[in-house]
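Participant: coordinates for the following, if possible.
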Amino acid sequence: MVAPVESSGHKTVPGLGIAQPGSAGLMRQASYHGLIENAAPIGGRAEDSYFHDTFPAARGNFSSGSSPESIRTPADEIRHSIHSAWGRAALGDSGGRDIDAISLDSLQMRDEDQGEPRSFGPNLTPGLDEGFTTDQTPLRGKKKPPKHVRIQRLSWVSVWLIIMSVYSTIMSGIWLAVAIIEPRWGSTISTNGPISLSTASLLTAIFAKTIEMSFVTLVMAFVGQVLTRRAIATHEGMTMAEVTMRTWIAQPGTIFNNLGAVQHVGRSVLGIMALIATLVVMFYTTASDTMVRPKLQFSKWEKMDLNSTVWASYANPTYVNNTCTTPISIEMDPVAAGESCLAIQYSGDSFSDFLDFLAMWRDTGNASLTQATRPQAQSMLWNNVTMVGTWIETQFSNVAQAYETHSRIINNVSLAMPHPGKDPCKWSSKAFINNLAPGVYRAATNKTLNGILQPSDLDGVGSYNISASVVSPAVNVMCVNMDSDELAPLVYTAWPNANKTTTTVVNQTKGWDGWEGEVPGPDAWSNTTVVDSIFRWGAEYERLPPVFQMFPSDYNTVANDTGTLSDSVYVLGKKFGMDNYTLCQLHSWPAIQCSTRFNVSGTSSMAMSADCAQDVDYFPENATLFKSNPDAYVHTMAAGSEYSASSRDWKDMLQEWTLGISLAGGLNNDDAAVARILTELALSTSQNNSTLPSLAEALASLVANTLVTGALDTPFVHYYAYNETLLSSPEMVSFKARVRNQEYASWHTEPWQSIFYPVLAAAFLLNLLCLVYLCSVGLVKDFLEPTSLFALATRESTAAKTPEMAVVEKGLRKGNMSTPYLLNYREDEDHFFFEEAADGGGGGGKTPRLASGFGMEGTQALKRKSFGIRFDAMRRLPVE
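Facilitator: Sure thing, here's the model as predicted:
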């Protein structure tokens, strides 16, 4: 047994076992916390006095007052430091030493027989002696590292690192380009497309993670290469603060625990690069998720020609009858199958729209007196598309101004509704297969025909907007207050020699059943009234006035929808408590100063609205002045285009409407609820009511659904270009529109998120720099890898090895990665060091058995001590 080494009489200094000459060291109780608090800081600069007192070997064991000529560093002392591997040049200065050297030196292997730390031998690695002299000082004049330190370019390590570098550079460049370009993926990423959103998000996350992982590997290798080359071939060397830069990159959070190291290297180029790389590692996946991961994005407004089809002319009565959904066929009821169905449809739709309109007024409470901003009438298309109308020609809706001009109350409003699509009940499956989609609605929702992604293609949350340059069906309702004398030419019972009978109402008479036969024909142009110029009746306008069978009683209305030359429907009502009657005229036409807006969203209901000029009439001649709505249909019309202002077919279609909602119930004094409400809304003063709609507005709300029904499958232009009013097969047409739709795109949703551009750019530039560096200068063995650092710290001098030890080391080389090591402690020198576990074995994996005490002597006893025993020794360190 070898005798234990006696104490060399060193004075104990707090830290990791650094000793200096002095009195013999005594073991005293010390806490573990004391060890940590007095440990040399990593990455920081030590005070001169602390360095000289703690590391005398660096100044040749002379006092600070010795002259520079007398300072020498003994070879046997310098061998005990890790600096012996990198050369004495790093210790040439006697003051201001970096404490990093102390921290690394305190982990050197000690020779059990001599009590000295094991030093590096002449050969760090096979062939490394080519770069060093016999006194272990590196050849600083060499431009390249020693030959055998360099790694061959075709070796697996070099090839794999280059592959990772190329992958990281290309992918980070693609990621940066995608973030800048913000591509839209269209149907590629969609519910029914090749890639779903969840798959795209997962792939983005995986690629971003692989970029981050390869970036960390590459930058750590770059830092290791730079520092290793600096330590081998230059006088500059490296510091422990620079070594910790690799830790920042691998574990970014540790940068806050090493602020001293940051201050030490933060002003160097390599330090700045390491800090930038650390920030990239911290935020790269976040930047990828923010800037690259596909998210829904609206496109810019794009001009398109949308395709659709036409079946019939506007408000074609025959086509409307045929499209009403009823099981009663024409064979069962050849007279009124369609009319009966329409009466029910009109009553249901009209009353539903009217109730919504009244509810809107109730919720509004106090509306504007200006017609353009008053609550607008609405309707429903197929119970899932809200149709929002717009008040137009409001320059004629000023009640007070009209009263000043005509000395009577005139309630004149015009309503435009959006152009609808096609009734799905009429459309055949064969037509759908042939992609013949009629109307704005079908043109928008047919993805195959027009390529617009639907919400169902975007996981049910997408949306799009269409602004179509098409005409809008419009209605004008003008109600004029008149007394009985003024109405006499228009009421049969007030004519001379009228065949009439009395009714159950006092002072009320009714014309006989054949009264219509006594009405003059269209050639007579008789019975002029005081309101002909207001309603535009007479030969001058080629429009006949209406004729009613009787005067209605209070709360009742009568209607007139007959007349060969008439294009309007008329309703006459009597308001309770008012002497005058109210005569209303309704007629429809395709409005050209409008466009149809169609908004579709997967998270809310679909809506169509009419976007029109409200207070100015525009025609092709002055359309250039209409700049607020570039999509208005009038912009597509050529100058001098003929324009028909009214549709007589719509008047014929409304015959069933007046019956369906009981507007003619006053002939029998039915006191219908709708007639009662309408007459109560008749204006009795020359001003609109701010809390109630007017009679004209109410009638427009009731009739709005007929505008929608009459416009189904009809042209988008102001004329009808076909010989037949009802086509046997649909005709393909197109209309101009602007489309803005949502697609999945790689973009950032908020402007402030552009701060992540530097993160993606820095990743690409650093990857490119590292790739160029590695390809241009090649690779050397990275001595800053943890295993390399540990091997250097525990390496025994080649000169101190016996042949038997060399044979054993050679035989265990393949298994040295699993060889267990113990953190040992020498009491006589107050020093910690690593050593192989005595019974660890070359194969490793076997934990050494714990010793039961600390009183064992000799080298073998020291080798049997485990970390737990040494931890107990650490608690007994002397306290200053």
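Participant: output the below-cut-off pLDDT ranges for the stretch 1-150 of the chain.
Facilitator: Filtered on pLDDT under 70, the stretch 1-150 of the chain yields the residue ranges 1-148.
Participant: my bad, the chain
Facilitator: For the chain (pLDDT under 70), the answer is 1-148, 421-439, 441-442, 446-450, 525-526, 561-565, 795-816, 838-880.
Participant: quick check: next helix or strand after the host helix or strand of residue 205?
Facilitator: Taking DSSP states H and E as the definition, residue 205 sits inside helix 197-233. Using DSSP H and E, the helix or strand that follows helix 197-233 in sequence is helix 240-250.
Participant: for that following helix, packing partners?
Facilitator: helix 100-105, helix 197-233, helix 259-265, helix 269-291 (3 or more CB pairs under 8 Å, 6 or more residues apart in numbering; DSSP states H and E). Bear in mind the C-beta positions are built from the backbone N, C-alpha and C, glycine included.
Participant: residue ranges for the strands of the stretch 451-600 of the chain, please.
Facilitator: Counting by DSSP state E, counting those that start in this stretch, one finds strands in the stretch 451-600 of the chain at the ranges 463-468, 472-482, 500-502, 509-511, 557-560, 569-574, 581-591, 594-601.
Participant: now mean neighbour count and distance to residue 197 too, for those, in JSON lines please.
Facilitator: Formatted as JSON lines, the strands of the stretch 451-600 of the chain follow (neighbours: other CB atoms under 10 Å; distance: least, CB to CB, whole Å):
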{"stretch": "strand 463-468", "mean neighbour count": "23", "distance to residue 197": "15"}
{"stretch": "strand 472-482", "mean neighbour count": "25", "distance to residue 197": "37"}
{"stretch": "strand 500-502", "mean neighbour count": "13", "distance to residue 197": "74"}
{"stretch": "strand 509-511", "mean neighbour count": "20", "distance to residue 197": "69"}
{"stretch": "strand 557-560", "mean neighbour count": "26", "distance to residue 197": "56"}
{"stretch": "strand 569-574", "mean neighbour count": "26", "distance to residue 197": "52"}
{"stretch": "strand 581-591", "mean neighbour count": "25", "distance to residue 197": "41"}
{"stretch": "strand 594-601", "mean neighbour count": "24", "distance to residue 197": "17"}
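Participant: looking at this protein, which residue lies furthest from center?
Facilitator: Within the chain, the residue lying farthest from the chain centre (CA atoms, centre = their mean) is residue 497, at 78.2 Å.
Participant: residue 501 reaches residue 508, doesn't it?
Facilitator: No. Here residue 501 lies out of contact with residue 508, judged by CB atoms under 8 Å, at a distance of 10.1 Å.
Participant: tell me which of the helices and strands packed on helix 240-250 is the most buried.
Facilitator: Highest mean neighbour count of those: helix 100-105, a mean of 22 (counted as mean count of other CB atoms under 10 Å).
Participant: quick check: domain ranges of the chain?
Facilitator: Structural domains annotated on the chain: 1-40+802-880, 151-295+748-780, 314-419+470-721, as defined by automatic domain parsing.
Participant: closest to residue 302 out of those?
Facilitator: For the domains of the chain, proximity to residue 302 was assessed by CB to CB; domain 151-295+748-780 is nearest, at 11.3 Å.
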